[in-house]
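# Give me the fold of what follows.
(one chain, ligands or ions: 1)
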Amino acid sequence: MSTKQIIILLGAPGVGKGALSSLCVEKLSCKQLSTGDECRKHRSEGTQIGKEIDFAIKSGRLVSDNVIIDMVDKWLEVTIQDTSCIILDGFPRTAPQAEGLLTLLKQESYADFKLHIIQLVLEDQKIIDRLSSRIVCTNKSCQAVYSKLYERFKPRVDGVCNHCGAPLVRRDDDAPETIAERLKTYHHHVKALLDFYQGVGCKVTILNADQPAQKVFEDFLRIVDSR
Ligand code: AMP
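Purely as a prediction, here's the structure:
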């Protein structure tokens, strides 16, 4: 079995983890797991999990570690054999999740992997600007992301997804008060997460997210290739 690349993208909501993941899927044939997308799917399908996590998502708080680790475990189980590159977008977000992931990856079937941990950084005010202008596709199997603010991320037709034609809306957790709560939650947990990785000897590389998506991708490739 060849070595699998497992790429963990850390960073505040809206920093550009999703955009970078999409480029990795498109250009490197990676498989992307966005725990945020998985949570939203559960919510819109009204599953038992969806009902349990509804309040956390609406209020900008984190879903419990156990629920998230279980989601990731199930996803890895069906995906890991079919790909040589996995992008984890928005997971782990807490130290217990990071520990849970390492435990999962120690299982025999995941034995041969290389972990790249990359933290995208951008100042809070720019994140707030990005999130408050973000609109997303309402088709739950598409979930494409656009911006009302930045010309190159606007949809071709106002309010309509370029890919599938479904209507675009603002995510309910992109309301101003929820953005503030999500940023607070991120800053609250990220230090313990970084301390955890330092404690187990995993290097975290910083990536400047304050540049166009293509440039972020080029920097990302340099980081991954250099390791
Ligand atoms: P995101 O799209 O990554 O910003 O995630 C949207 C929401 O889903 C978050 O505000 C959390 O409520 C929930 N969520 C996504 N990923 C996680 C995670 N790894 N741990 C806990 N909650 C999560």
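
# quick one, strands of this protein?
With DSSP state E, the ranges of strands along the chain come out as 4-10, 31-34, 85-89, 113-121, 134-137, 145-147, 168-169, 204-208.

# Tell me the strands beside the shortest one, with direction?
So that's strand 168-169. strand 134-137 (antiparallel) (DSSP bridges).

# Same question for the fourth one.
The pairing partners recorded for strand 113-121 under DSSP bridges are strand 4-10 (parallel), strand 204-208 (parallel).

# Quick one: mean pLDDT for the last one?
When pLDDT is averaged along strand 204-208, the result is 98.

# What residues does the protein have near the ligand?
13, 35-36, 39, 56-57, 60-63, 68, 90-91, 93, 97, 173, 182 (C-beta under 6 Å from any ligand atom). Quick note: C-beta positions are derived from backbone N, CA and C, even for glycine.

# Sketch out the low-pLDDT regions of this protein for me.
Applying pLDDT under 70 to the chain flags residues 1, 108-110.

# Tell me which residue is most central in this structure.
Against the mean C-alpha coordinate of the chain, by C-alpha atoms, centre = their mean, the closest residue is residue 89 at 2.4 Å.

# Check whether that one really touches residue 9, as I assumed.
Yes. Using C-beta atoms under 8 Å, residue 89 makes contact with residue 9 at a distance of 5.3 Å.

# Which neighbours do these two have in common?
17, 21 (C-beta atoms under 8 Å, 6 or more residues apart in numbering).

# Check the burial of residue 214 by counting its neighbours.
Residues contacting residue 214 under the criterion other C-beta atoms under 10 Å number 10.

# How about the contacts made by the nearest residue to it once chain neighbours are set aside?
Among residues not flanking residue 214 along the chain, residue 23 sits closest, at 7.7 Å (C-beta to C-beta, 6 or more residues apart in numbering). Counting by C-beta under 8 Å, 6+ apart, residue 23 makes contact with 213, 214, 217.

# Quick check: residue 23 vs residue 55, distance?
Residue 23 is 33 Å from residue 55, where distance means C-beta to C-beta, to the nearest Å.

# And for residue 107?
To residue 55, residue 107 is 32 Å away according to C-beta to C-beta.

# Run the chain-centre distance for the helix of greatest length in the chain.
Ranked by number of residues, the top helix in the chain under DSSP state H is helix 176-199. In terms of C-alpha atoms, centre = their mean, to the nearest Å, the centre of helix 176-199 is found 14 Å from the chain centre.
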